[in-house]
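Engineer: Following is a predicted model, sequence given first.
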Amino acid sequence: MTLRTFIIADDHPLFRGAMRQALEGMGSQVTIIEAGDLDNARKAASQNTDVDMMLLDLTMPGVSGLSGLIAFRAEFPTLPVAIVSATDDPTTIRRALELGASGFISKSASIEQIRLGIKSILNGDIYTPEGTDLGAEHDPEITGLINRLHMLTPQQGRVLGMLAEGLLNKQIAFELGVSEATVKAHVSAVLRKLGVDSRTQAVIQLTRIGSGVLDQNV
C-alpha cells in the first residue's frame, strides 16, 4: 500500500477534520500533519521532507491572500501546494495557478470531489473545480507583477514572504541563518525587481494580487 504524507494548513479545526476524513478514505496509508497558521505550516514542511502535498488555505493567520503560496513556492520549490479555499472565483484560481499552485480545490466541494482533486494532483495534473473557466487576466498591472515575481530567486521569494509577515531584517536574518547585511541586499534586489521603492510598497503589491482578490469576493 502506498504511503502518503500530507500537511493540512488551515486555521479551522472542523475543516481540517473534514480534510483528514477525505485523505484517510483514499485507499492509501496516510500520515497527516495539521497546522493552524503559516509559521507552523512552514515548520511542518521543514521538518518533514517527504511530504507529498500541502493543502493550503488562503485566509489563515500569517497569510495575506496569495502571499502564503508565494512564500511556500519560494521556500519549498519541489513541494506540491494545492490551494483549498472558499474563495473559488476564476480570478483567484487563475492567479494561484500562475503563482505556482499545483491545483485548486473548493471548500464547497464534496468529499469525493476533494479526493478526485488530490488524486489528480498526485498524478501530476493541474486540478481545478469542474466547469471552471479561468479566462484571462484583464489587469495588465497584475500580469506584470506576476511576471516580476517569477524573476525572484528562491531566497528573494522567501524574503518577500517574510516582509509580508511583517518581519524585521534582524528577524529575517535569524530565520534564514544569514547576516543582516545579506538580508538588506536581498531586500534591495526584491524592491528593484518589483519596481518599488520601499518594503511597504512591496507588501502593498502582494496585497493587490492576493487579498485584493479575496476582498472582492467577501
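Structural biologist: Yes, it's here.

Engineer: what helix or strand is the residue most central in space within the chain on?
Structural biologist: By Cα atoms, centre = their mean, the chain has its centre lying nearest to residue 69, at 1.7 Å. Applying DSSP states H and E as the criterion places residue 69 in helix 67-75.

Engineer: Run the chain-centre distance for that helix.
Structural biologist: Relative to its parent chain, helix 67-75 has a centroid offset of 5 Å by Cα atoms, centre = their mean, to the nearest Å.

Engineer: buried sites along the longest helix along the chain?
Structural biologist: Criterion DSSP state H: the longest helix present in the chain is helix 180-194. For helix 180-194, the neighbour count (16 or more other Cβ atoms under 10 Å) marks 182-183, 186-187, 189-191, 193-194 as buried. Where you see a C-beta, it was placed from the backbone N, CA and C, and this is true even at glycine.

Engineer: and if you look at stretch 96-115?
Structural biologist: 96-107, 109, 113-115.

Engineer: Name the residues that touch it?
Structural biologist: With Cβ atoms under 8 Å, 6 or more residues apart in numbering as the test, stretch 96-115 has contacts from 15, 18-19, 21-22, 25-26, 53, 55, 66, 69-70, 73, 80-86, 88, 92-93, 117-118, 120-121, 125-130, 134, 137, 146, 149, 209.

Engineer: from the residues you listed, which would you call buried?
Structural biologist: 15, 18-19, 22, 26, 53, 55, 66, 69-70, 73, 80-85, 88, 92-93, 117-118, 120-121, 127-129, 146, 149, 209.

Engineer: I'd assumed residue 16 was in a helix, is it?
Structural biologist: Yes. Residue 16: assigned to a helix according to DSSP: H, G, I helix; E, B strand; the rest coil.

Engineer: Next secondary structure after the longest helix of the chain?
Structural biologist: helix 199-209.

Engineer: Can you name every helix or strand that that following helix contacts?
Structural biologist: helix 140-149, helix 154-164, helix 180-194 (3 or more Cβ pairs under 8 Å, 6 or more residues apart in numbering; DSSP states H and E).

Engineer: Can you add distance to residue 7 and give those back as a markdown table?
Structural biologist: Putting the helices and strands packed on helix 199-209 into a markdown table (distance: least, Cβ to Cβ, whole Å) gives the following:
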| stretch | distance to residue 7 |
| --- | --- |
| helix 140-149 | 23 |
| helix 154-164 | 17 |
| helix 180-194 | 26 |
